[in-house]
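Can you look at this prediction? I've put the sequence above it.
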Amino acid sequence: GGNYVPVISLRNSPPVTKMGGGFIMRKSLTYKVLAAVLAAGSLGLYAAAPAAAKDFNAPEDGTIVNGKFDNVYGNGTPITITGGTIDGDVFGVGDESYTGDASGGNVTINGNATVTGNVFGGYSDSKIDVTNNYVTINNSTISKNVYGGYSRIDNTASGNTNGNHVIINNSSARNVYGGYSLGGNKNGNADGNYVTINNSTINGQVRGGYSDDANANGNHVTIINSVIKGNIYGGHNGGDANTEMKGNTVTIKGYSDITDARIYGGYCYYENPQVQRGDNTLILDGWSGTAENIYYFENIEFKNTTF
């Protein structure tokens, strides 16, 4: 409620006078400082409260995002974040209560942007498919997870998350999923998703396709000159033994550090012969190093490697 007192630079001021072991300003300088304070108060220069952040909604608010926002909603319109801080989540298409078509989302994040929440190319909280969404991240920091496509409904069912793409360059994130279908009752395949991590650090896990209770086929993960601190999965099924995990590919290239990673072609939470696996491929392209272990690959290929 008081006046804002500006910081005053005292250049070319009159000398001070030492009194009793301390210093006091001469009277003329004291008057000048007091006058400056009173003038600031008369002009209404008070400490301003910081402006509250708000959500960004495309296309009403445009398609180029730069600044401080709570959440960003693309609503199916391609959006580009060119800098600033997003204190919540980014959605290419869909949101937490979305029940419409969750395909065709396109999110690009550039310019040293920071997102403190998650990034979703497409998102649905109902049993509909989330397909053909794209997320591209360059030179930025994502504090939580990145999903090409995400589908769930009360842990009981989900739609398919197929054909989604995530590309991360010179950036960091926690976990990365090409497609993520969370729900039971054998619903929600995660097929044909693509994840590429280049010159980046992922502090958690990388999954091409994750289905909680259905198939995860034909997913592709490529790691190039990056650090992956968690496990790497081509296809991952979280709970049902009667599923397929076929045709998934994991490629490790360059100087990637996967020392602490377990690498899976097709992983199911349950060890059961009913799980159908086949043609899962690990490609080591010009890479040499160590990993925690590798599992469930029917094929291993070496490229640009000298023995």
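Right, received. Where do you want to start? All figures in this text were calculated on a predicted structure; none of them were measured in a lab.

show me the contacts for the nearest residue to residue 175 once chain neighbours are set aside.
Counting by C-beta to C-beta, 6 or more residues apart in numbering, residue 175 lies nearest to residue 204, which is 3.9 Å off, once chain neighbours are set aside. All C-beta spots, glycine's among them, are computed from the backbone N, C-alpha and C. Neighbour list for residue 204: 145, 173, 174, 175, 176, 229, 230 [criterion: C-beta atoms under 8 Å, 6 or more residues apart in numbering].

how about the helices of the stretch 51-200 of the chain, start to end?
Remark: helices of the stretch 51-200 of the chain are absent; assignment by DSSP state H, counting those that start in this stretch.

any low-confidence regions in it?
Flagging of the stretch 51-200 of the chain using pLDDT under 70 yields the residue ranges 51-52, 153-157, 183-186.

In the stretch 201-307 of the chain, mark out all the strands, start to finish.
Remark: strands assigned in the stretch 201-307 of the chain by DSSP state E, counting those that start in this stretch are 201-202, 206-211, 220-224, 227-228, 232-237, 244-246, 249-253, 262-268, 276-278, 281-285, 293-295, 299-303.

For stretch 101-114, which residues meet the burial criterion?
By 16 or more other C-beta atoms under 10 Å, the buried positions in stretch 101-114 come out as 102, 103, 104, 105, 106, 107, 108, 109, 110, 113, 114.

end to end, how far does it reach?
28 Å (C-alpha to C-alpha, to the nearest Å).

Next: stretch 73-88.
End-to-end distance for stretch 73-88, by C-alpha to C-alpha: 11 Å.

What of stretch 297-305?
For stretch 297-305, the end-to-end distance is 19 Å (C-alpha to C-alpha).

same deal with stretch 96-114?
21 Å.

repeat for stretch 62-81
Here the two ends of stretch 62-81 are set 11 Å apart, with distance taken as C-alpha to C-alpha.

quick one: contacts of that stretch?
Outside stretch 62-81, the residues within contact range by C-beta under 8 Å, 6+ apart are 53-59, 82-93, 95, 101, 104-111, 113, 115, 117, 140.

The residue nearest to residue 99 when sequence neighbours are not counted: neighbouring residues, count only.
Closest residue in space to residue 99, ignoring its immediate chain neighbours: residue 126 at 4.4 Å, by C-beta to C-beta, 6+ apart. Using other C-beta atoms under 10 Å, residue 126 has 17 other residues around it.

so how far is residue 159 from residue 126?
7 Å (C-beta to C-beta, to the nearest Å).

Could you do residue 79 as well?
From residue 79 to residue 159 the distance is 22 Å (C-beta to C-beta).
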